Every structure is written in C-alpha cells, then in structure tokens.
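In: Return atomic coordinates for the entry below.
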Amino acid sequence: MSALPAAPVSAEPASDAPWVVCLCAEWCGTCRDYRPLLEQVARAHPQFRFAWVDIEDHAEIADAFDVETFPTLLIAGADGTRFLGPLLPHAETLSRMLGALQAPQPSSLDVDLLLAVLEKRPGEFAV
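Out: Residues are numbered from 1 along each chain as shown. Got it, this is the predicted structure:
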C-alpha cells in the first residue's frame, strides 16, 4: 500500500504555490525512472507546482546549480528555498519531505532566476 495521500481529481496549485523542481539529465537512467514517480507525487500534492528541468537542454538557467548527483531537487517559492540537494527516486520519501518542509531560507539569485523562468514558461517544464 502506498503512503501517498489520495489526490483530488481537479486540484490546481495556487499561482503562488512553491515549486518542486527536478534538475535532471535525459541521459540519466535514474532520472528517467524518477519521472513517473514525480508525476505520482505531483498528483498527491496539489498544493505544490512541479517542474522537470533538463540541465543540459536548459543550461542557461540550470548551470549555476552545478548538479553532480541525479536527480537533484529544488523546493522553493517566493518565500525562499526550502530544499536543494539530491534525493533518491522514492515517491514516499519525497511525499514525506513535502509534508514536513523546513522553514524557507533566503533564495540565491540563481534560484530566483530559475523560478522566474518557470513562472513564464510552465508548460515547457511540465511533469
């Protein structure tokens, strides 16, 4: 039995909802395996907006993060950054993390730039 909460059928996140961003690479098999799990978590957590950013296809906004371990997750919003780091592709772990996030810390300019691009072009990064 899954530890993920049931998702409302038509819930849309608020326009000021925090982002959960997977920084990945197409060549990474672990990232490809993670994508369906991230979609599952997105359906279970409609209070967040989710994005998939290929760091090679979108180097102009992702290079500054110096991603060395895949997948790397960023959880941030207008109030700051709550998490930035690698996370194994496990839906229940991510779901528990989203339910117990730490207080936000001030975001770097790189995070602010990435979020601004996601705001302008959300469809390009849809999960």
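
In: switch to C-alpha atoms for all contacts and neighbour counts from now on
Out: OK.

In: Which other helices and strands does the one helix or strand in the chain whose mean pLDDT sits lowest contact?
Out: Least confident helix or strand, the chain: helix 59-62 with a mean of 90, by mean pLDDT, DSSP states H and E. Packing contacts for helix 59-62, counted by 3 or more C-alpha pairs under 8 Å, 6 or more residues apart in numbering; DSSP states H and E, involve helix 109-120.

In: buried set for the helix it packs on?
Out: 111-112, 114-115, 118 (16 or more other C-alpha atoms under 10 Å).

In: Please enumerate residues in contact with it?
Out: 19, 51, 61-62, 64-65, 76-77, 81, 125 (C-alpha atoms under 8 Å, 6 or more residues apart in numbering).

In: Check those residues for burial and list the buried ones.
Out: By 16+ other C-alpha under 10 Å, the contacts of helix 109-120 give 19, 51, 61-62, 65, 76-77, 81, 125 as buried.

In: now those as JSON lines including distance to L88 and secondary structure?
Out: As requested, these are exported to JSON lines (distance: C-alpha to C-alpha, whole Å; DSSP: H, G, I helix; E, B strand; the rest coil):
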{"residue": "W19", "distance to L88": "18", "secondary structure": "strand"}
{"residue": "A51", "distance to L88": "17", "secondary structure": "strand"}
{"residue": "I61", "distance to L88": "23", "secondary structure": "helix"}
{"residue": "A62", "distance to L88": "20", "secondary structure": "helix"}
{"residue": "F65", "distance to L88": "18", "secondary structure": "helix"}
{"residue": "A76", "distance to L88": "19", "secondary structure": "strand"}
{"residue": "G77", "distance to L88": "22", "secondary structure": "strand"}
{"residue": "T81", "distance to L88": "19", "secondary structure": "strand"}
{"residue": "F125", "distance to L88": "20", "secondary structure": "helix"}
